[in-house]
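# Okay, predicted coordinates and the sequence, questions at the end:
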Amino acid sequence: MKHRILVVEDEAKLRRVIELQLQAAGYEVDLAGTAEEALRLADRASLVLTDLRLPGMDGLELLRLLRRQDELLPVVVMTAFGSVEIAVEAMKLGATDFLPKPFSLDHLLTVIQKALEVRALRDENRSLREELGRRYTFDNIVGRSPAMQEIFATILRVAPTRATVLLAGESGVGKDLIARAIHYHSPRRDRPFVKINCTAIPENLMESELFGFEKGAFTGAVASKPGKFELADTGTAFLDEIGDVPGPIQVKLLRVLQEREFERLGSNKTRQIDVRIIAATNRDLRAALEEGTFREDLYYRLNVVPINIPPLRERKEDIPFLAEHFVRKLAPELGSTATSISEAAIQKLMEYHWPGNVRELENVIERSLVLCSGTVLEPSDIKLEASPRAVKSSAVPFLPEGYTLEEYEQALIREALRRADGNKSQAARLLGLTRNALRYRLSQMGLEDRGA
């Protein structure tokens with residue numbers, strides 16, 4: 001589709017010269033000798049090229065009115081040499097660019113092409129944001145169970161506010177999806193959403209990643225760099241796995257939550273930010289409080305609006321709707337011949353224990369669609385883990401004879417360290433603890449400083 005340029009110029013000869021040049025470059029052209037005439041033609045223009053000095057209404061007033069009609073419409077202003085201060089005023093009002101007279105026709109075409117490219121990028125950006133908004137509507141977050149309906153109601157109440165939200169739930173329950181739904185139902189939907197995976201950032205790099213750094217702050221800092229919070233300014237910062245943040249960083253996070261300010265690494269300049277915080281954890285933060293690995297004041301700052309997302313095994317009534325949703329969503333993407341799922345296949349899904357929750361269910365459906373040769377997913381197409389989780393025995397093992405609880409715990413920790421050859425991170429994984437939780441226990445045992 002050809003772009004249509006509206007030329008607003010009261011000098012007939014110049015107007016005609018510009019028209020011929022633009023038509024030769026492949027543009028369609030509308031002409032107007034006054035601002036009043038231009039307003040009647042502006043609704044079909046891809047770009048407006050206007051002089052600032054016009055009979056009657058001047059170019060600045062025309063610019064104001066065009067901005068009210070369509071804030072994305074590019075407006076390039078022409079101004080006589082020596083009137084640059086007027087052009088600056090036009091730029092403040094939203095003009096895309098300006099051309100000081102006299103100008104070459106080649107320069108005119110360059111400016112117009114650049115302005116149209118900027119508009120194309122803005123249109124694409126707006127379309128992507130609208131698509132993201134549709135993706136995180138409630139229609140795409142499947143949940144018919146009472147627990148999920150209560151979560152949706154909470155999202156609707158909390159999204160319009162700037163209240164801090166703490167999402168709790170096992171891995172795979174959809175914390176990321178809920179966080180994005182809160183953002184895209186909020187007044188900040190057109191502003192940045194920055195996800196920060198706290199477990200993916202090495203402890204020694206976390207401060208610089210979150211808060212940025214100045215040039216020369218450390219070896220290799222050859223230029224200043226903004227941190228994640230600066231990138232999220234005016235938008236939302238999603239702190240995933242907040243329970244794994246080390247103590248020194250927790251203090252700085254508390255300041256961001258309380259004062260909305262921070263300093264970059266290597267700088268004394270305090271920076272103010274306007275950011276909404278959503279945090280998520282798959283850990284029991286109350287237990288971390290008791291262990292001393294998580295600050296109590298930070299916990300209460302984060303826990304303003306708690307949302308607990310139940311695991312899939314506790315809301316199995318959602319499984320049929322989730323399975324059908326994933327089939328509809330994934331089949332076209334994968335080019336699968338299957339377009340539906342049978343009742344028997346759904347029953348097989350209902351009987352599984354889903355340790356990986358909704359994420360695992362989506363992966364199972366995707367794998368089944370890839371391998372299926374028919375038009376309906378049948379039980380034989382559903383490939384689940386070969387060794388389902390063993391059913392827990394009703395008999396709870398007790399302490400070995402002669403041990404106290406404290407002694408038995410210390411013995412388990414020593415054994416884990418022995419099996420891990422002294423590697424604390426590996427020992428923590430064997431025990432199902434975070435590294436910080438293990439370090440706390442080791443300090444209680446008097447072993448932390450010995451490198452155990």
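Right, received. Where do you want to start?
# so where do the strands sit in the protein?
4-8, 28-32, 47-51, 75-80, 97-101, 165-168, 193-197, 236-240, 261-263, 270-272, 276-281, 305-308, 340-341, 376-377 (DSSP state E).
# of all these, which lies closest to residue 217?
Of all the strands of the chain, strand 261-263 sits nearest to residue 217, with 10.7 Å by CB to CB. For every residue, glycine as well, the C-beta is placed using N, CA and C.
# Dump the strands of the chain into JSON lines; add mean neighbour count as well.
Formatted as JSON lines, those follow (neighbours: other CB atoms under 10 Å):
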{"stretch": "strand 4-8", "mean neighbour count": "24"}
{"stretch": "strand 28-32", "mean neighbour count": "18"}
{"stretch": "strand 47-51", "mean neighbour count": "24"}
{"stretch": "strand 75-80", "mean neighbour count": "22"}
{"stretch": "strand 97-101", "mean neighbour count": "17"}
{"stretch": "strand 165-168", "mean neighbour count": "23"}
{"stretch": "strand 193-197", "mean neighbour count": "18"}
{"stretch": "strand 236-240", "mean neighbour count": "24"}
{"stretch": "strand 261-263", "mean neighbour count": "16"}
{"stretch": "strand 270-272", "mean neighbour count": "12"}
{"stretch": "strand 276-281", "mean neighbour count": "25"}
{"stretch": "strand 305-308", "mean neighbour count": "15"}
{"stretch": "strand 340-341", "mean neighbour count": "19"}
{"stretch": "strand 376-377", "mean neighbour count": "21"}
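# To what extent is residue 185 buried, counted in neighbours?
Residue 185 has 18 neighbouring residues, counting by other CB atoms under 10 Å.
# Touching, it and residue 159? I think so.
Yes. If you go by CB atoms under 8 Å, residue 185 and residue 159 touch, sitting 3.9 Å apart.
# How about residue 197: what's its closest non-neighbour residue?
Nearest non-adjacent residue to residue 197, counting by CB to CB, 6 or more residues apart in numbering: residue 240, 4.9 Å away.
# swap in residue 158?
In space, residue 158 is closest to residue 305, 5.0 Å off (CB to CB, 6+ apart).
# so what's the one you found up against?
With contact set as CB atoms under 8 Å, 6 or more residues apart in numbering, residue 305 has these partners: 154, 158, 163, 164, 165, 166.
# Could you point out which of the strands of the chain sits nearest residue 383?
Of all those, strand 376-377 comes closest under CB to CB, at 10.9 Å.
# Distance from the closest one to the middle of the chain?
Its chain's average C-alpha position is 34 Å from that of strand 376-377, according to CA atoms, centre = their mean, to the nearest Å.
# ok, now stretch 402-410?
Worked out by CA atoms, centre = their mean, stretch 402-410 lies 45 Å from the chain centre.
# now swap in stretch 371-384 and tell me
Per CA atoms, centre = their mean, the centroid offset for stretch 371-384 relative to its chain is 34 Å.
# what sits up against it?
327, 336-342, 344-345, 347-349, 352, 364-365, 367-369.
# who touches the residue nearest the centre of the chain in this structure?
With distances taken as CA atoms, centre = their mean, residue 193 lies nearest the centre of the chain, 3.5 Å away. Counting by CB under 8 Å, 6+ apart, residue 193 touches 180, 183, 184, 232, 235, 236, 238.
# quick one: which of those sit in helices?
If you go by DSSP state H, the contacts of residue 193 have 180, 183, 184 in helices.
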